[in-house]
Structures are given as C-alpha cells and as structure tokens.
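Visitor: following is a predicted model, sequence given first.
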Amino acid sequence: MDANQALTELLAGRMEPGVYQWRTPPVPSAIGDTSWVERAAEAGWRGFHLDGRRARDSASFLWLCAEVFELPEGPAADWDALGDSLADLSWTPVKHGYMVLYESWAELADADQPAFRAVLDMFARVVKAWRDTPTPMTVLMSSVGVEVAGVPRLA
C-alpha cells in the first residue's frame, strides 16, 4: 500500500489509529507539503503539522506543540502535562478524529535522543487515550529512508 492509499484508509476508519511511520516517496520540496490537511478536513478530521526542523530539544518541542495545537495554557511544563493537554483537545472539537503529521523528527532524534523517546512515549499514551472514542488520534512520523525503531510502518 502506498502512502496516499494508507492515508485514505486511515481517514475512512478502515485502519486502527496509532503511531505509525508514514513512508512518503522522496519528492523535492515535499517537507512542509500540507495538502494532507485538506484531505483530513474533508473527511472530518483535524490535521496538525509538526515541523520538526523547529524542535531540537525538549523545550523547543513543547513550544512547537503549544503553537501547533493552540494550547490555551501555553507551552506545557513537561511531557505528562503535554500528554494531558493532547488527550483533551476540548478547545478544538472535531467530527471524526485528529491526525498529527510529525515531519523532520530526525532533528530531535539526532540532537536529543531521550527527548525523542519521551515524545514517542507521550504520543503512544495520547493515541491510546483517544483510541476507543468517536474521535481517535493518529500520529504519522513522516520518513524517507529513515526508520524509527519500534514504530510500525503504515506505508
């Protein structure tokens, strides 16, 4: 299954929500392509785009999330607080679900491995919290030729 078909299957509810590697084909200038947000919105999902080029440590990742998820209380103090906020999202209701695309995650993985592992653990907890609700969350770790150990591939 290719990346576009996998996204279609997720948005249609035919695949279980989770944290996945989403292997997109290498395309010049593909980073920052947010056309998937429109596809998600058309299917009743809210899309969030995390540009990992802006997060090379814990503090910058927490600030990035405050901005992208429009956290009403501002940046979370720590991973638990961020996870609690993302397990709520009452300020941004949605019809079918939440989809997060985390691009350039290798920036954080290379610069601060413990922070990157904390991000993966936090996303896994949040996805689990949303899993059995009418509005699940899926996190896509965009990758081209780079693997995230322990994260299943979607496409």
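Guide: Cool, got the structure.

Visitor: right, and the secondary structure at Ser21 would be what?
Guide: One thing to correct before we go on: residue 21 is Gln, not Ser. Following DSSP: H, G, I helix; E, B strand; the rest coil, Gln21 is assigned to strand.

Visitor: distance of it from Arg117?
Guide: 15 Å (C-beta to C-beta, to the nearest Å). Where C-beta positions appear, they are placed from N, C-alpha and C, glycine not excepted.

Visitor: higher neighbour count, the two?
Guide: Gln21 (17 against 14; other C-beta atoms under 10 Å).

Visitor: which residues does the more buried one form beta bridges with?
Guide: In this structure, Gln21 has the following beta-bridge partners (DSSP bridges): Met141, Arg153.

Visitor: tell me if I'm right that it and Val139 touch.
Guide: No. Because the distance of 10.1 Å does not satisfy C-beta atoms under 8 Å, Gln21 is recorded as not touching Val139.

Visitor: this structure: strands as residue ranges?
Guide: Using DSSP state E, the strands of the chain run over 19-23, 45-51, 97-103, 137-143.

Visitor: reformat those as a markdown table; add mean pLDDT and distance to Val37.
Guide: Converted to a markdown table, these look like this (pLDDT from 0 to 100; distance: least, C-beta to C-beta, whole Å):
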| stretch | mean pLDDT | distance to Val37 |
| --- | --- | --- |
| strand 19-23 | 85 | 14 |
| strand 45-51 | 94 | 4 |
| strand 97-103 | 94 | 8 |
| strand 137-143 | 90 | 12 |
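
Visitor: which one of the ones you listed lies closest to Leu89?
Guide: Put simply, out of these the one that sits nearest Leu89 is strand 97-103, at 6.5 Å, with distance taken as C-beta to C-beta.

Visitor: just for this structure, where's the confidence low?
Guide: Filtered on pLDDT under 70, the chain yields the residue ranges 1, 24-34, 144-145, 155.
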